[in-house]
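**Q** Here's a sequence, model it:
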Amino acid sequence: MKITCLGTGSPESHKRRASSGYLVEVGGDSILLDCGGGVVDRLIQSDRMPSDVTHVFFTHLHSDHMMDYARLVHAAWDEAGTCPEVWGPEPIGEITERLFGKKGVFAADLVARTEFPGSQEVWLGRGGSLPRPWPNPKVTEIAPGFAFSTGNWSLTTCFVPHVQPYLVSLAIRIEANGKSVVYSGDAGLCPQMEELARNADLLLHWCYRLSHERHYPCVTSLSPSPDEISRMAERIGVKQLVLTHLRKYMDSVGNHELIRDELSRYFSGRSQIAEDLMVFDLEGG
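**A** Here you go, the predicted structure:
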């Protein structure tokens with residue numbers, strides 16, 4: 001099982017980091033967890049193409065976790081006439097219809113691409129046939145507790161506190177060949193998250209503030225700090241901990257030193273700060 005960090009940043013525009021997105025490759029499938037702004041560019045930089053993605057799972061529908069969704073689907077369709085299968089909380093079905101439906105945001109574009117003779121010639125030259133159908137990804141709306149499996153890997157989810165009741169938010173665990181990766185999405189600490197991540201080989205956990213930061217009470221209560229995440233990971237037996245979803249100001253040399261100090265102080269396993277295009281290979285998958 002191979003995990004590529006495509007986007008390790010936040011909603012902020014940041015040259016160093018795209019917004020949230022992680023590619024898990026296992027058993028011939030390419031599973032994209034979230035698809036924030038800049039993720040498609042990072043996917044291409046990692047020598048994959050949008051049409052390589054077979055499954056997309058959203059943890060929640062904040063813009064920094066799904067801004068590149070339209071681009072991913074449109075590009076996969078334009079390259080290969082295919083679309084990934086999509087799972088996510090509501091209203092991902094309505095969002096998809098509003099993007100690619102007959103009265104959707106891309107309706108004028110899709111009419112032109114499928115009906116203009118020159119565009120049809122280009123499509124036929126790529127090996128396509130007419131009439132050319134519009135992109136129509138299969139979408140399944142899910143809730144925390146959803147589980148999914150193939151012959152090669154399985155996926156489970158749980159509730160995590162974030163911005164309820166305004167958005168449904170969940171964390172994801174993928175297991176294959178005896179190895180496991182857990183992605184927190186945007187999650188406050190909670191028993192459900194601890195149970196999902198217990199004994200994980202790799203935990204990708206969001207980190208939206210430093211330990212001494214206490215500026216916004218609501219944000220503080222729902223955004224665990226490096227020391228809190230490290231203590232939790234140690235308590236539940238995580239083998240490798242990677243902090244991600246960093247804000248721009250957190251990327252100073254001094255702040256990285258503070259984060260690494262707390263990781264090593266409270267967590268005995270391997271730990272690091274995620275960077276875009278960082279790759280993790282879990283043996284056995």
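**Q** give me the beta-bridge partners of Val242?
**A** Leu204, Gln272 (DSSP bridges).
**Q** ok, for Leu43, nearest residue in space, not its chain neighbours?
**A** Excluding the flanking residues, the one nearest Leu43 by C-beta to C-beta, 6 or more residues apart in numbering is Leu6, at 5.7 Å. The C-beta positions use only the backbone N, C-alpha and C, and glycine is treated the same way.
**Q** quick one: the one you found from Phe267, how far?
**A** As for Leu6, its distance to Phe267 is 24 Å (criterion: C-beta to C-beta, to the nearest Å).
**Q** Work out the gap between the worst-scoring helix or strand of the chain on mean pLDDT and the centre of the chain.
**A** Using mean pLDDT, DSSP states H and E, helix 217-222 stands out as the lowest-scoring helix or strand of the chain, at a mean of 83. When C-alpha coordinates are averaged (C-alpha atoms, centre = their mean, to the nearest Å), helix 217-222 and its chain have centres 23 Å apart.
**Q** Name the residues of it that are buried.
**A** Leu222 (16 or more other C-beta atoms under 10 Å).
**Q** what's the answer for stretch 115-130, then?
**A** 120, 123.
**Q** How about exporting that stretch as CSV, limited to the C-alpha atoms?
**A** Taking C-alpha atoms only, stretch 115-130 is exported to CSV below (Å, rounded to 0.1, in the frame of the first residue of the first chain):
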residue,chain,number,x,y,z
GLU,A,115,-21.5,18.9,-30.2
PHE,A,116,-19.0,21.2,-32.0
PRO,A,117,-17.7,19.3,-35.1
GLY,A,118,-14.1,20.3,-34.3
SER,A,119,-14.3,19.0,-30.8
GLN,A,120,-15.9,15.8,-32.1
GLU,A,121,-13.0,15.3,-34.5
VAL,A,122,-10.5,15.6,-31.7
TRP,A,123,-12.5,13.1,-29.6
LEU,A,124,-12.7,10.6,-32.5
GLY,A,125,-9.0,11.1,-33.0
ARG,A,126,-8.4,9.9,-29.4
GLY,A,127,-10.3,6.7,-30.1
GLY,A,128,-13.7,7.9,-28.8
SER,A,129,-17.1,7.4,-30.4
LEU,A,130,-20.2,9.5,-31.0
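**Q** More neighbours: which of Leu6 and Phe267?
**A** Taking neighbours as other C-beta atoms under 10 Å, Leu6 and Phe267 compare with Leu6 leading, 30 against 22.
**Q** helix, strand or coil for the more buried one?
**A** Following DSSP: H, G, I helix; E, B strand; the rest coil, Leu6 is assigned to strand.
**Q** how about the strands in this protein?
**A** Secondary structure of the chain (DSSP state E): strands at 2-7, 21-26, 29-33, 55-57, 85-88, 139-141, 147-149, 154-159, 170-176, 179-183, 202-206, 240-244, 270-273, 279-281.
**Q** Which among these is found nearest to Glu79?
**A** strand 29-33 (13.9 Å; C-beta to C-beta).
**Q** which other residues reach the closest one?
**A** Outside strand 29-33, the residues within contact range by C-beta atoms under 8 Å, 6 or more residues apart in numbering are 6, 21-25, 39, 43, 48, 52-57, 59, 72, 84, 150, 152-153, 155, 172, 174, 183.
**Q** Drop anything exposed from the residues you listed.
**A** 6, 21-25, 39, 43, 48, 52-57, 59, 72, 84, 153, 155, 172, 174, 183.
**Q** Ser264 and Glu234, how far apart?
**A** Applying C-beta to C-beta to Ser264 and Glu234 gives a distance of 11 Å.
**Q** Tell me the buried residues in the longest helix that the chain contains?
**A** Secondary structure of the chain per DSSP state H: the longest helix is helix 253-266. Within helix 253-266, the residues that count as buried by 16+ other C-beta under 10 Å are 255, 258-259, 262-263, 266.
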